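Asks: Could you work out the structure for the sequence below:
(2 chains)
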2 protein chains.
Amino acid sequence: MTSKRLTHAVDEPSSLSRRRLLKGAAIGGSGLLFGKAIAAQTSDQPQPTRSTDTTQSIPFYGEHQAGITTPAQRHVYFMVLKLDNTDRQAVIKLFKEWTRQAALLTQGKNIGPYSNNHFIPPADTGEADSLHAYNLSLTFGVSPSFLEKLGLQDKAPAEFKPLPHFPRDQLQAQYTGGDICIQSCADDPQVAFHAIRQLVRHARTSMVSMLWAQNGFNAYNDVSQTPRNLFAFKDGTANALTLKDAEKYIWVDDKNWLQGGSYMVVRRIQMHLETWDRTSYGEQENTFGRDKLSGAPMGQQHEFEPIDTGLKESNGDPVMPVDSHVHLAHRTGQQLLRRSYSYTGGINTLTSQYDAGLLFISFQKSPQQFITIQNAFGKIDKMNEYITHVGSGLFACFPGVKEGDYLGQALLEG
Amino acid sequence: MTSKRLTHAVDEPSSLSRRRLLKGAAIGGSGLLFGKAIAAQTSDQPQPTRSTDTTQSIPFYGEHQAGITTPAQRHVYFMVLKLDNTDRQAVIKLFKEWTRQAALLTQGKNIGPYSNNHFIPPADTGEADSLHAYNLSLTFGVSPSFLEKLGLQDKAPAEFKPLPHFPRDQLQAQYTGGDICIQSCADDPQVAFHAIRQLVRHARTSMVSMLWAQNGFNAYNDVSQTPRNLFAFKDGTANALTLKDAEKYIWVDDKNWLQGGSYMVVRRIQMHLETWDRTSYGEQENTFGRDKLSGAPMGQQHEFEPIDTGLKESNGDPVMPVDSHVHLAHRTGQQLLRRSYSYTGGINTLTSQYDAGLLFISFQKSPQQFITIQNAFGKIDKMNEYITHVGSGLFACFPGVKEGDYLGQALLEG
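Replies: All right, here's what the predicted structure looks like:
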């Protein structure tokens, strides 16, 4: 529990300017290391280009679904549904309709025109009228129970089964379960919500019920920044490496209905901000294993420098604590694509604390990548003191849709 | 319950393009009226200029608090606090510190520098590090109970007392009460949340507890648009008129501690989206009394044309239903400044419906403006079928702060 780092070399400690602090962070830190020359590799690896042009739209059709390797937009509305009708033909009809709607919505269009007949409800709920496409992406996934309900359990890959119980899980019924998920991401929250509302609106009458949903956000000024989570640490730095080899880490290559798809893990993680905010700066960095300002792995200077868990202080202690989040994850050798969003709901009436945290979303070729890392955190991850996993789901996100085909076709017809 | 408008003249009914729909709406509608020539006054009165430059900051000091007549930013985090310490000197100390912090935060700065001592928690929680100011405004208000707790009830203007019970109110304890509110608005949700988090962080140890909070958003492409609420109607059209005479409608002019301040009413309004979405287009427009696409008052063509409740159809029926929301509000002759935000939380586990709606916020010179309008809605407002007021508060928002002074000084020292 002691801080490994006694001082923090911010060059301009009297400055309150956030922009200057950043500059300070980029310069500072060089006095921290004893056992290690400054790494030769200092090239930053920026995130893939985000569009800041909110008039732009992301193609719906393609080899893979959008919303996975797509750079994370600023807002998410994430929906988990229960399938109420197990007739496969009815489900096919629904997925065809969802395909039609998603292709329109992602292009900034409504799902249908307004009729001249004013005695009927409008075809589209309309709250996105006069709004651009805002880089909307819609990503559909199904859980193992979806396959079971449709009698398709024989098609489930061996690894496609509910996530195991992890140490310290405190899952709540209201944030677990479900058969279908839809991840709606856009650079505007109303556009993201509008899309889900259309998709669910008619399906609700007989096909699905809404189980849980979560909105969230990512904050960044421009395309080159990694967003900070509510603990103020950059979240997603390692994605640059994962994306470099998406075939190896992200896309399923199984010659089955999931070929070209990806497994999505979602975890609703309550972050105990009040506890965190009483924690020392040094202990915060020891918890993550990264420099708070720059995002550099401890022992390095720049955000995108490689993690080196072997670095030692002069007294022989590891520079990056062995129970830090990054150390434990890195040691597994596993990589996954993080695509998380922060949330800030209201106040918990029982605790008078923030209902706030992270909607953790990761994509991986196999659920085992996540399972291995989460088990490595186990009971020793320093982060455990500050977070509680309260929601969970594992979904198989279909491959992309070819124009004329529909979502999940290979599963439902294969 | 019958629709007053049988057809809807969208020029391009087969078009799904949201941008084209808007164009259609501006042209359409001319075939609807029988008893009225097209109004001569068609000049649009756009909203005051919003800044889309997120690097900009809004001055904290001034005659009035920012966040009232300031054009509504895209995001809000609204916090209601309970005052736990009734020692006036301690409260003065808190409000001085809040003044200091708010002046920094609104300028895109942290509330304090990071120390070289890593054994202590960081002065600022830091999640806005590397983010611009995003036009942050912080608006502080206190309730009648705040004055009582401090033995200042003699200073309460006669009209400053808890709002009366309104017909159909279904207020929930978790969204009512409280002594202090802070409205944090910014063009980025993390910046808005960060500001509240700093203000509350140290105050929580002995001065205040968090009672309830709500995040929300407004969506628009550019500065000239009035945002649509989740019923897809434009919300805030009448503000242009109210802002034209802010001295008459918004700012308190009482030669007391509230001189130059304003009364804020906040209502957490659950919107029953599922019911609304099953309602006919005509009935939706009859409920509001406005054209859904253009926002024009029924009987007019353009959003900012004046409301005329006297217009008649050829059969003698009023063009704008007498039980429509706009008709009932307009008839009172009262005006207030609406500054509302939509919210989309999760799913209500009891009803399996959206926890979504409007964080209604209005500013007015006297609470009576709101009370008169809300009582006029009474039990006859068509809107009642689709909404439920579940939260409520009345706060006196202090006048602006002069550099060197502090928030609420005239109240606390007067």
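
Asks: Please compute how far stretch A:396-404 lies from its chain's middle.
Replies: The chain centroid and the centroid of stretch A:396-404 are separated by 20 Å under Cα atoms, centre = their mean, to the nearest Å.

Asks: And for stretch A:77-86?
Replies: 19 Å.

Asks: near chain B, anything from it?
Replies: Yes: applying Cβ under 8 Å from any Cβ of the partner chain, one finds stretch A:77-86 touching chain B at residue A:77. For glycine as for every other residue, the C-beta is placed from the backbone atoms N, C-alpha and C.

Asks: quick one: buried residues of that stretch?
Replies: Under the neighbour-count criterion of 16 or more other Cβ atoms under 10 Å in any protein chain shown, stretch A:77-86 has A:77, A:78, A:79, A:80, A:81, A:82, A:83, A:85 buried.

Asks: and the residues you listed as TSV, adding secondary structure, distance to residue A:410 and pLDDT?
Replies: Formatted as TSV, the buried residues of stretch A:77-86 follow (DSSP: H, G, I helix; E, B strand; the rest coil; distance: Cβ to Cβ, whole Å; pLDDT from 0 to 100):
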residue	secondary structure	distance to residue A:410	pLDDT
A:77	strand	27	98
A:78	strand	24	98
A:79	strand	23	98
A:80	strand	23	98
A:81	strand	21	98
A:82	strand	23	98
A:83	strand	18	98
A:85	coil	21	97
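
Asks: could these be laid out in JSON lines, adding distance to residue B:283?
Replies: Compiled in JSON lines, the buried residues of stretch A:77-86 are given as follows (distance: Cβ to Cβ, whole Å):
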{"residue": "A:77", "distance to residue B:283": "27"}
{"residue": "A:78", "distance to residue B:283": "32"}
{"residue": "A:79", "distance to residue B:283": "27"}
{"residue": "A:80", "distance to residue B:283": "32"}
{"residue": "A:81", "distance to residue B:283": "28"}
{"residue": "A:82", "distance to residue B:283": "30"}
{"residue": "A:83", "distance to residue B:283": "32"}
{"residue": "A:85", "distance to residue B:283": "29"}
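
Asks: and of the residues you listed, the nearest to chain B?
Replies: Comparing these against chain B with Cβ to the nearest Cβ picks out residue A:77 as the nearest, at 6.6 Å.

Asks: The closest residue in space to the closest one that isn't next to it in sequence: which element?
Replies: Using Cβ to Cβ, 6 or more residues apart in numbering or on different chains and skipping the chain neighbours, the partner closest in space to residue A:77 is residue A:192 (4.3 Å). Counting by DSSP states H and E, the element that carries residue A:192 is helix A:189-203.

Asks: hmm, back to that, distance of the residue nearest to residue A:77 from residue B:221?
Replies: Taking Cβ to Cβ, to the nearest Å as the measure, residue A:192 falls 15 Å from residue B:221.

Asks: did I read that right, residue A:95 in a strand?
Replies: No: if the criterion is DSSP: H, G, I helix; E, B strand; the rest coil, then residue A:95 is helix and not within a strand.

Asks: residues touching it, list them.
Replies: Contacts for residue A:95 (Cβ atoms under 8 Å, 6 or more residues apart in numbering or on different chains) come out as A:406, A:407, A:408, A:409, A:412.

Asks: how close does it sit to chain B?
Replies: To chain B, residue A:95 is 20 Å away according to Cβ to the nearest Cβ, to the nearest Å.

Asks: State the pLDDT value of that residue.
Replies: With respect to pLDDT, residue A:95 has a value of 98.

Asks: swap in residue A:224?
Replies: Looking at residue A:224, its pLDDT reads 80.

Asks: wait, is it part of a helix?
Replies: No: checked against three-state DSSP, residue A:224 lies outside a helix; its state is coil.
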